[in-house]
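>>> Here is a sequence together with a model predicted from it:
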Amino acid sequence: LFVSCNCMPRRRLTEPEPFSERLERALKLYAADDIQVDFGTSCKEETKADLTEEEHLVNEALQLARSRQFDLARDVAESVLMANPQNPEALAINAKQCEAHQDWGEAARFFLAGIGHNGVDSSMEQGYQTNIDMLRAHRFRFVERKGTAKPEDILAFRPRAQKQRDQDARPPWWRLGPKYEELVQEAGYIADLLDGQEDAEEQRAEVRRVLYQQSEFLDVLFAYYRADKNENWPHDKHIPGQIRHDGHEDNNWEEPMRLQDLWRICKECRLAYGDVKAKMPLAVFDRIFVQGKCRFTRKKAANASYDFVGEDPHFRLHEVTFYDMVETLVRIANLRLTGPLSSRVEALIKDFLRPLALRKQADRGLLDFRNHAVQEFLREPTLEARLRRCFDYFVGSYKANRLKNNAIGPQDITMSFNHVYVAMERMNIYDPNYNLKKCVDLYCKVTCDSDLLPQEHPNNQNSEMIFNEFLDFLVRTARVKGDRDKAIGQVLYEFINDEFIPKAARVIPGKI
């Protein structure tokens, strides 16, 4: 192999003398003013008149250092280093000047640079080690900070004081856009959730942080369910028609979602549930939404005489704006989870919404109810009105009805399993394919309630099914009772027109 000579380090022709010996001999000879030592790679004697300008300056710096005028000596040595940064004598003079001022870190830096340019001279290494020891001994004199977790043997040549945090530095979520601030400010829509808490201001700031960090996901969530999609969708993928909600946007033209879209969020993300300890069906979340401060303020501005007591809180086509959805989710988190408000909101998004939302639903009962032919049949005004009359009659005619403390008005009507049990018994809907156990199972699937008794029982009075879920219940019942080989639209048509409506007409007085 042939290697260029320029790639190999050059070997010294003669070994240089140790720096301490050269420095001492140079000072003596310079005082005699008759001979000068060359500090290069040889030790030949030269007359003073033959010295270069750099060597003259080095000699002048040595003389000043000998007379302990270290500041002047450093000024001269600095001029030498500007022309030749590798000059070992100039580096040593600078280090001595730093030692004179007890600047051990700076002195060690100069000795370290000298070691890099002259690895043979052990005095440079000795000077470096001496200043490092002094730096260790006096470290806490210069660094006014608490002890860190770093090992004691880790050194810093320029120890710096700990940076003081700028008191005026504020995080980007310190103040959100005006529309977000209407929610979280001191007199905002969710102020009642923080009333009486000692750390209310801190919690308010944390809620701002959570909403700021999750704002892009909330935008996608809103656009996905508003578009009534049913497919797997990435959280960071834009949806056609989606806009950025930062609190500054003008969203007066934006198409809102409907209450039935919010139902999908609550069910698909498992916010609605029922067990032995608690029951949180869709009816509870409808009341939260209808009584929301954001929605009430908007409705009041449009109609000064508006009052939510007179409307049906479970109407599927109620408009839900983006900030209505955000307020409702915050209030659901406060009701559904435990801990500080900010922790509840963050847990709701990270543990329920992110893992479960924007996913394709494959449940056959759900797909049957979403079927276009089924929805077109059920939403026919005359048929929907007849089914609504059946719903209201079986709820109102039940003899053991309890007065619900959480009802917000006369239109707040829900059906418990006891109502369904009596209705199925009176209409004689049961057959070999559809028994009481099947009826309980379908009710549980529709309402997300897992704690029901297959009989008429007082404990079942706590269950609630809204009218839209009642229609879903009828679709599932038709599927169980009907021919499985037929399309769901045909099966539902035959069940409603040939069995349910005629049998209901025999029980319900008057014309339906």
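Nice, thanks for sending it over.
>>> center of this structure - which residue?
Centroid-nearest residue in the chain, with C-alpha atoms, centre = their mean: Gln213, separated by 4.5 Å.
>>> so who does the residue nearest to it when sequence neighbours are not counted touch?
The shortest distance from Gln213 to any non-neighbouring residue, by C-beta to C-beta, 6 or more residues apart in numbering, is to Trp173 (7.5 Å). Yep, even glycine has a C-beta here, placed from its N, CA and C like the rest. Neighbour list for Trp173: 205, 208-209, 211-213 [criterion: C-beta atoms under 8 Å, 6 or more residues apart in numbering].
>>> thinking again about what came up before, got a pLDDT number for the residue nearest to the centre of the chain?
pLDDT for Gln213: 95.
>>> Look up how far Glu380 lies from it.
Separation of Gln213 from Glu380 (C-beta to C-beta, to the nearest Å) stands at 45 Å.
>>> now swap in Ala407 and tell me
When distance is defined by C-beta to C-beta, Ala407 is 29 Å away from Glu380.
>>> Show me which of the two is the more surrounded one.
Just comparing Ala407 and Glu380: by other C-beta atoms under 10 Å the higher neighbour count belongs to Ala407, 15 against 11.
>>> can you tell me the helix or strand for the more buried one?
Ala407 is part of no helix or strand, with elements assigned from DSSP states H and E.
>>> again, but for the one 4 residues further on
Under the criterion of DSSP H and E, Gln411 resides outside all helices and strands.
>>> now do the one 10 residues further on
In this assignment (DSSP H and E), Tyr421 forms part of helix 417-427.
>>> Buried residues in that helix, which are they?
Of the residues in helix 417-427, 417-424, 427 count as buried by neighbour count, 16 or more other C-beta atoms under 10 Å.
>>> Gly127 sits in which helix or strand?
Using DSSP H and E, Gly127 falls within helix 122-137.
>>> what about that helix, average pLDDT?
79.
>>> Okay, buried residues for it please.
123-124, 127-128, 131-132, 134-135.
>>> Which other helices and strands does that helix contact?
helix 19-32, helix 88-100, helix 104-117 (3 or more C-beta pairs under 8 Å, 6 or more residues apart in numbering; DSSP states H and E).
>>> how does it look with 6 Å?
helix 104-117 (3 or more C-beta pairs under 6 Å, 6 or more residues apart in numbering; DSSP states H and E).
>>> what's the helix it packs on in contact with?
86, 88, 91, 94-95, 98-99, 124-125, 127-128, 131-132, 134-135, 157-158 (C-beta atoms under 6 Å, 6 or more residues apart in numbering).
>>> please redo it, this time with the cut-off set to 7 Å
Helix 104-117 is contacted by residues 86, 88, 91-92, 94-95, 98-99, 124-125, 127-128, 131-132, 134-135, 138, 157-159 when judged by C-beta atoms under 7 Å, 6 or more residues apart in numbering.
>>> buried sites along that helix?
Buried-residue list, helix 104-117, by 16+ other C-beta under 10 Å: 104-115.
>>> Can you tell me which of the residues you listed is nearest Val284?
Gly105 (66.9 Å; C-beta to C-beta).
>>> Read off the pLDDT value for that closest one.
Per the predicted model, pLDDT is 81 at Gly105.
>>> From Pro171, how far off is the residue nearest to the centre of the chain?
Gln213 is 10 Å from Pro171, by C-beta to C-beta.
>>> looking at this, Gly510 is in a strand?
No: in this structure, Gly510 is coil, not part of a strand, as judged by DSSP: H, G, I helix; E, B strand; the rest coil.
>>> Can you list phi and psi of it for me?
Main-chain torsions, Gly510, degrees, to the nearest 10: phi 80, psi -170.
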